[in-house]
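K.L.:
I would like to see how this sequence folds:
(chains A, B, C, D, E and F)
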Protein chains: 6
Amino acid sequence: MDEKQRYDQGLTVRRAVLGDAHVDHTLTKRNDFNGEFQEFITRYAWGEIWTRDGLPRHTRSLITIAMLIALNREAELRMHLRAAFNNGVTRDEIKEVLMQSGIYCGLPAANAAFHLAEEVFEQM
Amino acid sequence: MDEKQRYDQGLTVRRAVLGDAHVDHTLTKRNDFNGEFQEFITRYAWGEIWTRDGLPRHTRSLITIAMLIALNREAELRMHLRAAFNNGVTRDEIKEVLMQSGIYCGLPAANAAFHLAEEVFEQM
Amino acid sequence: MDEKQRYDQGLTVRRAVLGDAHVDHTLTKRNDFNGEFQEFITRYAWGEIWTRDGLPRHTRSLITIAMLIALNREAELRMHLRAAFNNGVTRDEIKEVLMQSGIYCGLPAANAAFHLAEEVFEQM
Amino acid sequence: MDEKQRYDQGLTVRRAVLGDAHVDHTLTKRNDFNGEFQEFITRYAWGEIWTRDGLPRHTRSLITIAMLIALNREAELRMHLRAAFNNGVTRDEIKEVLMQSGIYCGLPAANAAFHLAEEVFEQM
Amino acid sequence: MDEKQRYDQGLTVRRAVLGDAHVDHTLTKRNDFNGEFQEFITRYAWGEIWTRDGLPRHTRSLITIAMLIALNREAELRMHLRAAFNNGVTRDEIKEVLMQSGIYCGLPAANAAFHLAEEVFEQM
Amino acid sequence: MDEKQRYDQGLTVRRAVLGDAHVDHTLTKRNDFNGEFQEFITRYAWGEIWTRDGLPRHTRSLITIAMLIALNREAELRMHLRAAFNNGVTRDEIKEVLMQSGIYCGLPAANAAFHLAEEVFEQM
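P.N.:
Here you go, the predicted model:
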């Protein structure tokens, strides 16, 4: 595949998962400093991984949320909690991932994720 | 629920997921030092969380693997890579979680998980 | 023990350590999404672990602070820095844990903990 | 070397790297709680490590930024992104470290670092 | 204080906590590559922090073990599990720290620490 | 750029940095499970990031080692400690990165890296 095609394919999935508003906002803030990184993640994360057939996007959302809780990356977790709904994930399924994170990642990780999720739900 | 019932319920799920051989081995190695911890995780991790209806065990395996890669906990990851097959997870689905971990947890995390998974597969 | 007793026992310790104001606030914010998690941590963390006799609560506060600095969990660290005083921990003992964290967790971890602790002390 | 000399030597490097404004601010906020820690890091981090000849300060800035991204320590990363310019690091070199962190530390780590760096650049 | 005195003071505490056998072994393996690091940790970790009066060594052992579980640093945890006995810590107190780590650091962290501790106890 | 070209370009850099022996070994172990991941990292990590002009490979080695110490990823750290020499890094420069990691990542991280580095040096 040509890298331009890869980018286009990635941008389509990225828009479907994160929403047009988010992606448009990111694109308008593109500059000399972050432009290559934005182009890189569109091809690398979205064009390669999120487009793979092996797992439904619904499951990819759940495992992404699981990883982000463990990694303690708040801004990205917030983004993927919101995006999960575009992939058909329900509030109750998110609750299950958070409950499960309590035993594997520890209660402070789960507790922070519950607070974050409630903030995200209120803003939607 | 009575805590004895909770324990029994947890032990049943633990056996179903980790296999009788693993659980029997753990029970025979129970002693003054680790006994309360073993009892504790059987009631809470297995009796409370893994018995919840909100997600199929197949999905719980995938999100557990996702968290363990991010947390860098090798022995536990090894155990859950093996256990995943008892929950109907396929080698190809594990591959997808590992590919996805590459972009979120970093390539060294994914690389280590690929090596570990291949070791586990060879021993099965 | 019955799980209702476990909950009651946990709630009593939780109130003693975190204070009535904090626990009442958490209980009034209980809802469909976080209710089961709140019930779970009251039994699991407070009813099981914090009620154990093997270490004084004073020591449990110090090791909890130590873990939270290492785990980089700010909100929970803030909560346990405040709670430590209810367990008889002094400002000078907290300083010692933070100094010790500098060599084991790295200076950025200790530095962040010093800033956080000073914020907590000012609010008390 | 005498520890007073070590402190003086450390303070000189600390001022050169972090800037007089930052160090003066820290010194005026010195109190019973944080004073020993401030004295400790001046000798330990600045007087011992940053004064070593084996690597130019320019390189020390880059590896410090690399570690702080991996460690997820935002306040310290912000400080060293700013300080890097005092060591002759350019915006483009910082971009390269951040791009490289995307593959080793994962995209959420790199993404957070890009946002943080842009905030720091705007404030300068 | 003169840095030679600091080193001597550190070496004394290091020997008391880690044992002569361990320290002698480390000193005989000193070379061009690791010598400055060994000298550095003797003065700072042992000569500065472990010699402080603010907490008994017994407590310092417990918080060090707590941090090392959270940080996932096996070799160092193994060393401090062994050293704890030189500071008067009992097997039962170690069990309590490990139980507490289960809820804060997650069950995989605690599980690994239980296995490690049993290995260390068997070798003693 | 075409993705086949990207792969070829990545393989060339990967060979230059990690050595032919390592890369040949990896290629012969390629199978259905790890093949796509190997192809993925060759194009992205090596074909995109390590080929960038913005930093010399010498510096890229140092920041990679810095990140891997912080991330606690032993196998990958071992690989990049060895590879660093192919990029012109000296043993003394590695020592400096490890000394610096002691203050930012904590002494257990640096201590483990010193042991690992000595093992790697002995095998070379």
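
K.L.:
for the rest of this, base every contact and every neighbour count on C-alpha atoms.
P.N.:
Fine.

K.L.:
let me know the pLDDT of the closest residue to chain E within chain A.
P.N.:
Closest residue of chain A to chain E, Cα to the nearest Cα: A:G106 (3.7 Å). pLDDT, A:G106: 98.

K.L.:
ok, it touching E:Q100?
P.N.:
No. Look at A:G106 against E:Q100 with Cα atoms under 8 Å: they stay out of range, at 10.5 Å.

K.L.:
how many neighbours does the residue of chain A closest to chain E have?
P.N.:
Per other Cα atoms under 10 Å in any protein chain shown, the neighbour tally for A:G106 reads 23.

K.L.:
does the strand or helix carrying A:H115 come close to chain C?
P.N.:
For A:H115, the element it lies in under DSSP states H and E is helix A:107-123. Yes. Applying Cα under 8 Å from any Cα of the partner chain, one finds helix A:107-123 touching chain C at A:107-109, A:112, A:114.

K.L.:
re earlier: give the closest residue to the residue of chain A closest to chain E in space, chain neighbours not counted.
P.N.:
Leaving aside its chain neighbours, A:G106 sits nearest to E:G106 (3.7 Å; criterion: Cα to Cα, 6 or more residues apart in numbering or on different chains).

K.L.:
ok, now A:L71?
P.N.:
A:L71's closest residue in space is B:A70 (Cα to Cα, 6+ apart), at 6.0 Å.

K.L.:
on the three-state scheme, the one you found is what?
P.N.:
Of the three states, B:A70 takes helix according to DSSP: H, G, I helix; E, B strand; the rest coil.

K.L.:
check contacts around it.
P.N.:
Contacts here follow Cα atoms under 8 Å, 6 or more residues apart in numbering or on different chains; on that basis B:A70 touches A:67, A:70-71, B:101, B:105, B:109.

K.L.:
farthest pair in these?
P.N.:
The most widely separated members of the contacts of B:A70, counting by Cα to Cα, are A:A70 and B:A109 (12.8 Å).

K.L.:
what about the residue nearest to the spatial centre of chain A, helix or strand, and which?
P.N.:
Centroid-nearest residue in chain A, with Cα atoms, centre = their mean: A:H80, separated by 3.3 Å. Using DSSP H and E, A:H80 falls within helix A:74-84.

K.L.:
and chain B, is that helix touching that?
P.N.:
No. Judged by Cα under 8 Å from any Cα, helix A:74-84 and chain B are separated, with a smallest distance of 9.7 Å.

K.L.:
near chain E at all, the next helix or strand along the chain from that helix?
P.N.:
Of the helices and strands lying after helix A:74-84 in sequence (DSSP H and E), the nearest is helix A:91-104. Yes. Contact of helix A:91-104 with chain E (Cα under 8 Å from any Cα) involves A:102-104.

K.L.:
spatially nearest residue to the residue nearest to the centre of chain A, not counting backbone neighbours?
P.N.:
Leaving aside its sequence neighbours, A:H80 sits nearest to A:I65 (Cα to Cα, 6+ apart; 6.5 Å).

K.L.:
OK, contacts around that neighbour?
P.N.:
Contacts of A:I65 (Cα under 8 Å, 6+ apart): A:77, A:80-81, A:97.

K.L.:
what sits opposite whichever residue of chain A sits closest to chain F in the beta ladder?
P.N.:
Across chain A, the shortest distance to chain F (Cα to the nearest Cα) belongs to A:D2, at 4.7 Å. Following DSSP bridges, A:D2 is listed with bridge partners F:D2.

K.L.:
and chain A, which residues reach chain F?
P.N.:
Residues of chain A lying near chain F (Cα under 8 Å from any Cα): A:1-3, A:44.

K.L.:
just the buried residues of those.
P.N.:
Among these, those classed as buried by neighbour count (16 or more other Cα atoms under 10 Å in any protein chain shown) are A:Y44.

K.L.:
from the residues of chain A next to chain F, pick the one nearest A:M124.
P.N.:
A:Y44 (28.4 Å).

K.L.:
from F:E3, how far off is the closest residue to that closest one other than its chain neighbours?
P.N.:
Nearest residue to A:Y44, sequence neighbours excluded (Cα to Cα, 6+ apart): F:Y44, at 7.3 Å. With the distance defined as Cα to Cα, to the nearest Å, F:Y44 ends up 10 Å from F:E3.

K.L.:
how far away from the center of its chain is stretch A:74-81?
P.N.:
6 Å (Cα atoms, centre = their mean, to the nearest Å).

K.L.:
contacts for it?
P.N.:
Against stretch A:74-81 from outside (Cα under 8 Å, 6+ apart): A:18, A:61, A:64-65, A:68-69, A:94, A:116-117, A:120, D:108, D:112.

K.L.:
go on, stretch A:83-98?
P.N.:
Against stretch A:83-98 from outside (Cα under 8 Å, 6+ apart): A:16-19, A:57-58, A:61-62, A:65-66, A:81, A:110, A:113-114, B:54-55, B:60, B:63, C:33-34.
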